[in-house]
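Trainee: Got a sequence here, can you build the structure:
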Amino acid sequence: MEQKLIRREPLGNGFYVNVSDHHTFGTDAVLLSHFSAPKSKDSMVDLGTGCGIIPLISLRNGALNRVYGVDISHEAIELVKLTVSELSLEKFIPIESNLTDLKGKIPFGEHDLVTCNPPYKAQNAGIKNNDSIITTARHEIECTLEDIVAVSAKLLKSSGRLCMCHRPERLSELMCLMSKYGVEPKRLRLVCQRKGEEPWLVLLESRRSGKIGLRIAPTLYIEENGNLSDEMIKIYGAYKEAYL
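Mentor: I've put the predicted structure just below:
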């Protein structure tokens, strides 16, 4: 990996994340980290971790006892390893692997939380980028939505949570797959850019072996009166200097 492609994004409280042109992050990752709300004793697995932003925000907030960040991209894992080494984050364990080949690499049935900000486009949907790394991040080339839910069910302990974000048009598919693999949808939140617009993102939490019953949280609005909403400013919190 060429060092000149790497830059640091501040997260506050002495934390930062190393990002590259291939592996950076957006608002959806920040929102998923906030939505998942891990606790200090939790064991977590972040599937498709990229630059590691979701675990890093949680660690910055004092959460997590242990976290595995999984990605098929060697470049992404090397980027995470750099951040982990520089910040001395021994509890953050990067794993280079296809998520369908995790047996023996990560304990199954032991984790409190699995998070995933998945490729949003199905394999045959949309125009693919000529860059294979970008295509893998955007399209279900190396794994499908069903693969993600299936392996999450194996990783989670009973009552463990799977938290994901996705595009609204795939919500029905996602919920059906969660029910199929015994991780029952329990909490849903829609994200809109501003009032009067359709949602562009859904946040969904499910529980391993959970009972049927879905709670719909109030809609999250990114903007109010042309500025960031009060809730978004609160979510960004210590990361404001990186975004505002």
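Trainee: Tell me the buried residues in the lengthiest helix in the chain?
Mentor: Using DSSP state H to define each element, the chain has its longest helix at helix 74-87. For helix 74-87, burial by neighbour count (16 or more other C-beta atoms under 10 Å) applies to 75-84, 87. Where C-beta positions appear, they are placed from N, C-alpha and C, glycine not excepted.
Trainee: Same question for stretch 20-31.
Mentor: 20, 22-23, 25, 27-31.
Trainee: Figure out the length between the terminal residues of it.
Mentor: In stretch 20-31, first residue to last residue: 21 Å (C-alpha to C-alpha, to the nearest Å).
Trainee: Can you pull out the low-pLDDT segments for the chain?
Mentor: Along the chain, segments meeting pLDDT under 70 span 1-4, 121-141, 238-244.
Trainee: quick one, strands of it?
Mentor: 7-12, 15-19, 43-47, 66-71, 92-96, 111-116, 156-166, 183-192, 201-208, 215-216, 220-221, 223-224, 227-228 (DSSP state E).
Trainee: and those strands, which is most packed in?
Mentor: strand 43-47 (a mean of 27; mean count of other C-beta atoms under 10 Å).
Trainee: Identify the residues contacting the nearest residue to K211 once chain neighbours are set aside.
Mentor: Nearest residue to K211, sequence neighbours excluded (C-beta to C-beta, 6 or more residues apart in numbering): E184, at 6.7 Å. E184 is in contact with 178, 206-207, 209-213, counting by C-beta atoms under 8 Å, 6 or more residues apart in numbering.
Trainee: out of the strands of the chain, nearest to I53?
Mentor: Smallest distance to I53 across these (C-beta to C-beta): 5.4 Å, for strand 15-19.
Trainee: chain center to the closest one: distance?
Mentor: 16 Å (C-alpha atoms, centre = their mean, to the nearest Å).
Trainee: Parallel or antiparallel, which strands does that strand pair with?
Mentor: strand 7-12 (antiparallel) (DSSP bridges).
Trainee: my guess is G160 meets S206, correct?
Mentor: No - counting by C-beta atoms under 8 Å, G160 does not reach S206; the two are 9.7 Å apart.
Trainee: a markdown table for the buried residues of stretch 20-31, including distance to T144?
Mentor: What follows is these, written out as a markdown table (distance: C-beta to C-beta, whole Å):
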| residue | distance to T144 |
| --- | --- |
| S20 | 26 |
| H22 | 22 |
| H23 | 21 |
| F25 | 22 |
| T27 | 25 |
| D28 | 19 |
| A29 | 21 |
| V30 | 25 |
| L31 | 23 |
